[in-house]
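Colleague: Predicted model follows, preceded by the sequence.
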Amino acid sequence: MAQLRKRGLIAAVVCSDKFMRLGSAQAKVFGVPDLPLLEIQHPLGGLSMEDVRKRAAVALPQLHKVIAEKRR
Amino acid sequence: MSSLEQMLQQPGAMVECDDDPEAVYELLCEKGWSDGLPVIPPTPERVERMLAYCDRDLDQPVVKIPPRYGAATPIRIAANAVMAGCKPEYFPLVLLALEALAEEPYNLYGTQATTHPCTPLLIFNGPVAAEVGLNSGHNVMGNYFRANAAIGRAVRLALVNIGAAIPGVGDMATTGTPAKFTFCIAENEAGNPWEPLHVERGLPRESTAVTVVAAEGPHNVNDHESLTPEGILTMVAGTMAITGSNNPYYPSQPVLAFGPEHAATAASGGMSKAEVKRWLYEHATLPLSKWSAEGIERRFRRKIPERFANATPDTPVHMWWNPEDLLIVVTGGAGKHSQYIPTFGNTRAVTRALKHANGEYVKSVRDLKRG
């Protein structure tokens, strides 16, 4: 994702709330401190499909916002 | 001016503190530079002494340690080795272990950041291991022996302080393991009825080597009764057969650390190490039905369809994928105990020899002394 971001493409990482600090630190390490992190509730592993859809519903508006900002 | 003196002149390179053990301990804990236990203050004089057996450029990175990808220069590693309680002659083995960990197959990024409770198990072979006093006898995985305690601890401190494997930030281990303080052993080569680990992995017997494994803590195999190879191996296989390990999901390399007496019993019928591995591979199994319905569907059927897409509930699940991938090491003292050590799974063990800059194997740590 860092490489895609550096090439100017729209790129974002879905990240659960418990992993936001790791995600943020890694974005800085890889030279893209502004890499958008789409925050969802932890956990992601071991979910039913219904719960996965709920997570996606939370992430999707954040992705729309990233895309809209990039197009401005 | 030496590299160390130059480095110490950079802003932020030095912190000052009262010359008092408790004050130093408080400061280093506050800064997050300790593992929670007291450390030796890494003063410039001590760091310089630590580098007495280092034949590298002192300020050139030996490796970069994720997740921060911090530059692990000999000076920085030496500061951590001082804090851990290393003698200067341990330092080449600390460097060797870090170089092995940084090799691609080990997957240092994954093992540092994962929720899984893995940590580097350092297995040393060869003359320099014995020369610096690494224990391979009684209580080899326990306390008391300085070289084992300090070399493993120095590596761990470097992984945290240089690599930023900070719990909750860069190290996401759910529970971790007490092995994260130190997990460093030597093979009991005299008690090994087969070839030593480093020889099996392609190195000459007279070389010194480390084999690094992304290990869980060990689990004991108690067997005071078995008198035959089949007997002792039945008990080992039973201990290996568990549902909560990562190893059945990957082409992984778990470790069997035989106590010398168990190893002698296992070898008493003439079985080679390879034959022992195959026997254990075939017998350390559980039926698929022992996993939860969700685990069978998500882990086995979807992720390993070539083996499990249509597998029946009584299909045997092997504890690792390829018979030869079990790592067997012989270590410890007298007694009827061995240890089974599952791993992170998505990792490969790396064996690396201690060499001079010209590529020759190091015969004695004294040959590495500067000046």
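Modeller: Done, it's in.

Colleague: Could you verify my assumption that B:A274 touches B:E324?
Modeller: Yes - using C-beta atoms under 8 Å, B:A274 is in contact with B:E324, at 6.6 Å. For the C-beta atoms, the positions are set from N, CA and C on the backbone; glycine is no exception.

Colleague: For chain A, what lies in contact range of chain B?
Modeller: Counting by C-beta under 8 Å from any C-beta of the partner chain, the residues of chain A close to chain B are A:18-19, A:21-22, A:25-26, A:29, A:46.

Colleague: Just the pLDDT at A:R71, thanks.
Modeller: The score at A:R71 is 79. That number is its pLDDT.

Colleague: do the same with A:K65
Modeller: 96.

Colleague: Give the phi and psi angles for it, as a check.
Modeller: A:K65 adopts backbone torsions of phi -60, psi -40, taken as degrees, to the nearest 10.

Colleague: so is residue 59 in a helix, a strand, or just coil?
Modeller: This is for chain A. State at A:A59, reduced to three classes by DSSP: H, G, I helix; E, B strand; the rest coil: helix.

Colleague: which one is it nearest to, not counting chain neighbours?
Modeller: A:L38 (4.4 Å; C-beta to C-beta, 6 or more residues apart in numbering or on different chains).

Colleague: how about that neighbour, what does it touch?
Modeller: By C-beta atoms under 8 Å, 6 or more residues apart in numbering or on different chains, the residues touching A:L38 are A:12-15, A:59, A:62-63, A:66.

Colleague: B:P127 too?
Modeller: B:206, B:208, B:363-364.

Colleague: Please list the members of the contacts of A:L38 that lie in strands.
Modeller: A:13-15 (DSSP state E).

Colleague: For the spatially most central residue of chain B, name its beta-bridge partners.
Modeller: Residue closest to the average C-alpha location in chain B (C-alpha atoms, centre = their mean): B:L121, at 1.5 Å. Here B:L121 sits in beta bridges with B:V213, going by DSSP bridges.

Colleague: Top of the ones in strands among the contacts of A:L38 by number of neighbours, please.
Modeller: The most crowded member of those, judged by other C-beta atoms under 10 Å in any protein chain shown, is A:C15 (23 neighbours).

Colleague: Can you tell me the element B:P61 falls in?
Modeller: Using DSSP states H and E, B:P61 sits within no helix or strand.

Colleague: Would you map the helices across the stretch 251-371 of chain B?
Modeller: Taking DSSP state H, counting those that start in this stretch, the helices of the stretch 251-371 of chain B run over residues B:260-267, B:273-283, B:293-295, B:305-308.

Colleague: Deepest-packed of these, please.
Modeller: helix B:260-267 (a mean of 22; mean count of other C-beta atoms under 10 Å in any protein chain shown).

Colleague: Surely the residue nearest to A:A59 is in a helix?
Modeller: No - using three-state DSSP, the assignment for A:L38 is strand, not a helix.

Colleague: what mean pLDDT does stretch B:141-155 have?
Modeller: 98.

Colleague: Identify the residues contacting the residue of chain A at minimum distance from chain B.
Modeller: At 4.9 Å from chain B, A:R21 is the closest residue in chain A, using C-beta to the nearest C-beta. For A:R21, the contact set (C-beta under 8 Å, 6+ apart) comprises B:168-169.

Colleague: returning to that earlier point: ok, the residue nearest to the centre of chain B to B:R205 distance?
Modeller: 22 Å (C-beta to C-beta, to the nearest Å).

Colleague: Neighbours of B:T228, how many?
Modeller: 12.

Colleague: Isn't it up against B:T265?
Modeller: Yes - the criterion here is C-beta under 8 Å, and B:T228 meets it with B:T265 at 7.2 Å.

Colleague: OK, contacts around residue 58?
Modeller: By default, I'm working from chain A. By C-beta under 8 Å, 6+ apart, the neighbours of A:V58 are A:39-41.

Colleague: wrong chain, I was asking about chain B
Modeller: Here B:L58 is in contact with B:2-4, B:51, B:73-75 (C-beta under 8 Å, 6+ apart).
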